[in-house]
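>>> Sequence isn't available, so here's the structure alone:
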DNA sequence: TTCAGTGTTTGCCA
DNA sequence: CTGGCAAACACTGA
Ligand SMILES: [Zn+2]
């Protein structure tokens, strides 16, 4: 479910509720998803204080400390259906939300529920991110993510455009929705070879990625169902989920392809696969 | 009732 | 290296 804008929205909401709170208890019967294991995680985090809550790619990063010394990091990945729910430490068991996979009891009587219907989510404790770095690419909204940086990424690999943009090791945070939306806004076909783009096309893609992600954040992400209810971006999507509907730019019919097992939404006119003879006026927003 | 499809990632194979 | 495919799992809608 959640991509960069949704995770960013979740982090912004969670941060003020978590910051400076002490972890009093941790429970999870979620064996496959908790690393290194419930007992180990509990021993590592109970008694620690939450010093920071931030996002890196699609990861939620919770920095812990004891006293003023770092006490490691909790990494949470929501995958397809993970979400946060909030309650109180005296909640009755029958009032808990559905699909609870882990609970954190915090000072002030606050309880954080990690819920995840499909159980793809991951919760990992690492003592030090420096020795256990996240193997993911640059943040697309960072200042350092320049068109030249994107050009380096696109040209250093020989992959199709969409699979490359989805590759978290190349760029962190794009998922199926925002990749399709970015490619449409850049006027680029998802099956183009990443190394075939011209400089102007790379510039258009760079701008499209950043504008699309920022727009997603501004509208609190995309909500398609119960898995992520708080977004408003779904009404502004130009191609994702709009198969057989008219393109909002040119009126042609949006088609749905299958690329790397993912549904892929394309306007055949705005995103020509082959180079067009007629010059296209930059279709980017 | 059955089954394809879902916003993610990893691992295996050719 | 690259792409394709299966799988991890629960739920929804046709
Ligand atoms: Zn179009």
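That came through, no problem. Just so you know, these numbers come straight off a predicted model, no measurement behind them.
>>> near DNA strand C, which residues of chain A show up?
Selection of chain A residues close to DNA strand C by Cβ under 7 Å from any atom of the strand yields A:32, A:79-80, A:98-99, A:117-120, A:157-160, A:163-164, A:225-226, A:259-261. No exception for glycine: its C-beta is placed from N, CA and C like everyone else's.
>>> Buried ones only from those residues, please, as a ChimeraX command.
Selecting only the buried entries of the residues of chain A next to DNA strand C in ChimeraX, with 16 or more other Cβ atoms under 10 Å as the criterion:
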select /A:79,99,117,157,159,160,163,164,259
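>>> Under a three-state scheme, what state does residue A:139 occupy?
Secondary structure, DSSP: H, G, I helix; E, B strand; the rest coil: residue A:139 is coil.
>>> mind listing what it touches?
Listed by Cβ atoms under 8 Å, 6 or more residues apart in numbering, the contact set of residue A:139 reads A:56-57, A:145, A:172-173.
>>> Looking at the residues you listed, spot the one nearest DNA strand B.
residue A:57 (6.5 Å; Cβ to the nearest atom of the strand).
>>> So for residue A:171, what's the pLDDT?
On pLDDT, residue A:171 comes in at 97.
>>> What of residue A:277?
What the model reports for residue A:277 is a pLDDT of 46.
>>> Just the ones in strands from the residues of chain A next to DNA strand C, please.
With DSSP state E as the criterion, strands contain residue A:259 from among the residues of chain A next to DNA strand C.
>>> do stretch A:113-128 and DNA strand B meet at all?
Yes - Stretch A:113-128 reaches DNA strand B (Cβ under 7 Å from any atom of the strand) through residue A:120.
>>> List the buried residues of that stretch.
A:113-117, A:121-126.
>>> same thing with stretch A:51-62?
By 16+ other Cβ under 10 Å, the buried positions in stretch A:51-62 come out as A:51, A:53, A:55-62.
>>> Repeat that for stretch A:8-27.
By neighbour count on 16+ other Cβ under 10 Å, the buried set for stretch A:8-27 is A:8-11, A:14-15, A:18, A:21, A:23-24, A:26.
>>> Go through those residues and name the one nearest residue A:272.
Residue A:272 has its nearest neighbour among the buried residues of stretch A:8-27 in residue A:8, at 32.4 Å by Cβ to Cβ.
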